[in-house]
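Below is the sequence, then the predicted model.
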Amino acid sequence: MGASDLSSTVVRATVVQASTIFYDTPATLDKAERLIAEAASYGAQIVVFPEAFIGGYPHGSTFGITLGNRTAKGKEEFRRYHASAIDVPGPEVDRLAALAGKYKIYLVMGAVERSGYTLYCSVLFFDSQGQYMGKHRKLMPTGLERAIWGFGDGSTIPVYETPIGKIGAVICWENRMPLLRTAMYGKGIEIYCAPTVYDRKDWQASMTHIALEGGCFVLSASQFCRRKDYPPPPDYVFVAAAEEPSTDTVVCAGGSVIISPSGQVLAGPNYEGEALISADLDLGEIVRAKFAFDVVGHYSRPEVLSLTVKDHPQDPVSFTSTARTESTPK
């Protein structure tokens, strides 16, 4: 059966709800391996990790930023955060690819990507043969995230056709951008991954709406973390909090969930702690849902409403050169 005919396929999916080991990327990768091995032991074919799992999400930090000023302490915080990020490609990417191949899973991993001196909130994709497929960079960081992460562009909003369905990812509040969602629907996404660190109950409404709107399975993986998952003060201070939280204070309460194209909650949401949340995805549900509503098919009205996606890289600097000839000075 080809990737284009999956209506009788059932896929075991797992979303990981867990915390980064902050400022310790090697330990976080070790933790990721343990979680991947456990998910694979339950038969998972695709495993989705939360936003910024590798590199960490800096809850409660302002990096010393006020309008018109950055403090020396905040600059040092950013240096440490930059050091915890990973290069893509790089040795950490190679390790993740090897894990995907070892456990025969499709792996969708949230990571803080280092590109020179700029960081991006990215999602990395790996196939079950151990190959790195590519990445999505968050198009629109939210709030103060814009001070620490760069902006992605249209060249990194992929949807990958695989033997278990068409897989893509949209990160956290990007999921509230209707034009970005429409672009993903236009690419035919079937397994819509939504890594996040947003744990409020209204997130569930967004995830259900996307499943119904896109006629796709939604796999939302959120971090669950406590204050003790971050370095103690003064190394790390929750300056955005009214007072420094106790070690067991929940910083992000999860809410990971898997939802079918009909809007049925298949697993989760979980607000109890770190967990692996799994469900079997009957891909025939996609066809049954789109029979009633196909947002970029029979329910579209392109003569009235249309979307143009600029999907080429937006480079700030480009270089042109010509081949040297005999008359070209040396």
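Structure received.

Okay, now the unreliable bits of the protein?
Filtered on pLDDT under 70, the chain yields the residue ranges 1-4, 240-242, 322-330.

got the buried residues for the lengthiest helix in the chain?
In the chain, assigned by DSSP state H, the helix with the most residues is helix 25-41. By 16 or more other Cβ atoms under 10 Å, the buried positions in helix 25-41 come out as 25, 28, 29, 31, 32, 33, 35, 36, 39, 40. The way it works is simple: take the backbone N, C-alpha and C, and place the C-beta from them, glycine included.

swap in stretch 247-259?
Buried residues in stretch 247-259 (16+ other Cβ under 10 Å): 251, 252, 253, 254, 255, 256, 257, 258, 259.

Next: stretch 289-298.
Using 16+ other Cβ under 10 Å as the test for burial, stretch 289-298 gives 289, 290, 294, 295, 296.

Kindly provide the distance from the closest residue to the fourth one other than its chain neighbours to residue 297.
In this structure, residue 295 finds its nearest non-sequential neighbour in residue 185, 5.3 Å apart by Cβ to Cβ, 6 or more residues apart in numbering. Between residue 185 and residue 297 the distance, using Cβ to Cβ, to the nearest Å, works out to 9 Å.

Mind putting the buried residues of stretch 247-259 into JSON lines with secondary structure?
Formatted as JSON lines, the buried residues of stretch 247-259 follow (DSSP: H, G, I helix; E, B strand; the rest coil):
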{"residue": "251", "secondary structure": "strand"}
{"residue": "252", "secondary structure": "strand"}
{"residue": "253", "secondary structure": "strand"}
{"residue": "254", "secondary structure": "coil"}
{"residue": "255", "secondary structure": "coil"}
{"residue": "256", "secondary structure": "strand"}
{"residue": "257", "secondary structure": "strand"}
{"residue": "258", "secondary structure": "strand"}
{"residue": "259", "secondary structure": "strand"}
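
Just flag the most distant two among the residues you listed.
251 and 259 (24.8 Å; Cβ to Cβ).

about what we covered before: out of the buried residues of stretch 289-298, list just those in helices.
Using DSSP H, those in helices are 289, 290.

Now flag whichever of the buried residues of stretch 289-298 is closest to residue 157.
residue 296 (14.7 Å).

Now do the phi/psi pair for the closest one.
phi -110, psi 20 (degrees, to the nearest 10).

Out of the buried residues of stretch 289-298, which is nearest to residue 159?
Minimum distance to residue 159 across the buried residues of stretch 289-298 is 12.2 Å, recorded for residue 296 (Cβ to Cβ).

and the closest one, how far is that from residue 189?
10 Å.

coming back round to it: export the buried residues of helix 25-41 as JSON lines, with columns for distance to residue 111.
Converted to JSON lines, the buried residues of helix 25-41 look like this (distance: Cβ to Cβ, whole Å):
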{"residue": "25", "distance to residue 111": "9"}
{"residue": "28", "distance to residue 111": "10"}
{"residue": "29", "distance to residue 111": "10"}
{"residue": "31", "distance to residue 111": "14"}
{"residue": "32", "distance to residue 111": "10"}
{"residue": "33", "distance to residue 111": "15"}
{"residue": "35", "distance to residue 111": "15"}
{"residue": "36", "distance to residue 111": "14"}
{"residue": "39", "distance to residue 111": "18"}
{"residue": "40", "distance to residue 111": "20"}
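
so which two of these are the farthest from each other?
Spatial extent of the buried residues of helix 25-41 (Cβ to Cβ) is set by the pair 25 and 40 at 22.1 Å.

in the stretch 151-300 of the chain, which spans are helices?
Assigned by DSSP state H, counting those that start in this stretch, the stretch 151-300 of the chain shows helices spanning 178-186, 202-214, 284-292.

And the ones you listed: which comes nearest residue 274?
So among the helices of the stretch 151-300 of the chain, helix 202-214 is nearest, using Cβ to Cβ, at 18.0 Å.

Let me know the angle separating that closest one from helix 178-186.
On the basis of axes from the mean of the first three to the mean of the last three Cα atoms, to 10 degrees, helix 202-214 is oriented at 50 degrees to helix 178-186.

which residues touch helix 202-214?
Contacts to helix 202-214, defined as Cβ atoms under 8 Å, 6 or more residues apart in numbering, come from residues 175-176, 181, 184-185, 189, 192, 194, 196, 216-218, 220, 222, 255, 257, 259-263, 265, 269, 289, 293, 295.
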